[in-house]
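Visitor: next input, structure requested:
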Amino acid sequence: MTKTLAVVMDPIATIKPYKDTTLALMLAAQKRGWQLRYLEMQDLWLRDGIAYGRMRPVTVFDDTTHWFELGEAQVQRLGELDAVLMRKDPPFDLEYITATYVLQRAEDQGALVVNRPQALRDANEKAFISWFSHCCAPTLIARDAQTLRAFHGEHHDVIYKPLDGMGGSGVFRIGSDGMNLGAVLEALTDNGRRHIMAQRYIPEIVHGDKRILMVDGEPVPYALARIPQSGETRGNLAAGGRGEPRPLNERDRWIAAQIGPTLREMGLLFVGIDVIGDYLTEINVTSPTCVRELDAGCGLDIGGDLIAAIERRLEPAAA
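Guide: Numbering: from 1, shown residues only. Now for the predicted structure:
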């Protein structure tokens with residue numbers, strides 16, 4: 001029997017099809033015979049406890065000029081779908097959290113939601129590494145200026161960043177001279193009103209910030225090392241970094257093994273972990289990317305692997 005996958009995402013007309021991971025996942029599902037439905041955040045609601053969506057049938061194409069065709073919109077109970085893929089990019093704000101409430105009711109009413117809504121709320125992409133501190137460089141989450149300054153006094157070369165950013169936005173490196181530390185802390189914490197993250201600077205960033213994709217708790221065998229451009233400390237592709245596929249090394253696999261069972265238990269089927277040198281720096285659960293680059297560079301089918309994992313999760317319900 002044909003299965004239906006609804007995808008909640010940013011406007012499909014505005015994506016960059018040659019590099020968009022969500023499109024890659026949709027292409028993989030379609031190839032495996034799934035029917036696709038397209039939604040944006042405004043298409044989700046709750047009525048008397050029932051989760052609904054205004055969704056449009058969508059056909060996708062691996063074409064940089066014509067990558068989708070939409071059908072007529074229809075309202076449907078989300079719980080009647082086989083699966084819902086939540087791929088809305090941050091910011092992780094109140095609107096995003098509200099969407100997870102709708103999707104949690106959809107999950108309660110029968111749909112498999114990837115990633116699980118409660119886990120999306122519980123696993124802040126910066127703070128979640130605190131559950132795996134044995135894999136990390138020294139890290140602090142605080143909003144008190146004195147505490148954040150003391151961390152710099154201890155480690156001398158520190159990265160400061162917001163807890164809700166993506167693509168390298170709002171990331172600052174403060175070197176041993178402490179230049180502009182006060183201004184950075186005032187801006188990032190909104191004068192002490194917001195918690196931020198501080199991490200000891202990891203010099204191995206010059207060799208790349210590795211994105212390791214995890215599918216149902218298991219790592220893809222290659223990482224995308226995102227190498228900063230000259231004069232930058234951020235390797236993010238959105239910040240101008242250059243992507244270079246590399247096989248996982250022993251330390252990468254060890255870190256993945258530390259995290260994988262927890263991801264699987266929480267229902268986080270598709271996750272991107274970031275590793276610099278020997279250290280875990282982030283766990284990205286909302287809309288991890290780099291599928292296109294790794295598929296093309298390493299002959300992989302990561303989207304197919306994820307859809308297969310979703311199908312395995314649905315097997316008990318179908319039995």
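
Visitor: run a quick neighbour tally on the nearest residue to residue 111 once chain neighbours are set aside.
Guide: Nearest residue to residue 111, sequence neighbours excluded (Cβ to Cβ, 6 or more residues apart in numbering): residue 81, at 4.7 Å. No exception for glycine: its C-beta is placed from N, CA and C like everyone else's. For residue 81, the count of nearby residues is 23 (other Cβ atoms under 10 Å).

Visitor: likewise residue 18?
Guide: Residue 18: 12 surrounding residues under other Cβ under 10 Å.

Visitor: show me the domain layout of the chain.
Guide: The chain breaks down into these domains under automatic domain parsing: 4-116, 138-200, 203-305.

Visitor: quick one on the thing from earlier: does the residue nearest to residue 111 touch residue 8 like I think?
Guide: No. Using Cβ atoms under 8 Å, residue 81 is not in contact with residue 8, being 11.2 Å away.

Visitor: okay if I get the domains of the chain as a markdown table plus mean pLDDT?
Guide: Converted to a markdown table, these look like this (pLDDT from 0 to 100):
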| stretch | mean pLDDT |
| --- | --- |
| domain 4-116 | 97 |
| domain 138-200 | 95 |
| domain 203-305 | 94 |
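
Visitor: adding distance to residue 126, write the ones you listed out as CSV.
Guide: Putting those into CSV (distance: least, Cβ to Cβ, whole Å) gives the following:
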stretch, distance to residue 126
domain 4-116, 10
domain 138-200, 5
domain 203-305, 6
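
Visitor: out of the ones you listed, which gets nearest to residue 127?
Guide: domain 138-200 (5.8 Å; Cβ to Cβ).

Visitor: span of the closest one from start to end?
Guide: The first and last residues of domain 138-200 sit 6 Å apart, counting by Cα to Cα, to the nearest Å.

Visitor: starting at the chain centroid, how far to that domain?
Guide: Domain 138-200 sits 22 Å away from the centroid of its parent chain (Cα atoms, centre = their mean, to the nearest Å).

Visitor: re earlier: out of the domains of the chain, which gets nearest to residue 122?
Guide: Comparing the domains of the chain by Cβ to Cβ, domain 203-305 comes nearest, at 7.2 Å.

Visitor: end-to-end on that closest one?
Guide: The stretch domain 203-305 measures 33 Å between its terminal residues, going by Cα to Cα.

Visitor: give the contact list for the spatially closest residue to residue 15 that is not a sequence neighbour.
Guide: Spatial nearest neighbour of residue 15, excluding adjacent residues (Cβ to Cβ, 6+ apart): residue 23 at 6.2 Å. Residues counted as contacts of residue 23 (Cβ atoms under 8 Å, 6 or more residues apart in numbering) are 12, 15, 17, 60, 67, 68.

Visitor: hmm, try it at 7 Å
Guide: Contacts for residue 23 (Cβ atoms under 7 Å, 6 or more residues apart in numbering) come out as 15, 17, 60, 67.

Visitor: cool, thanks, signing off.
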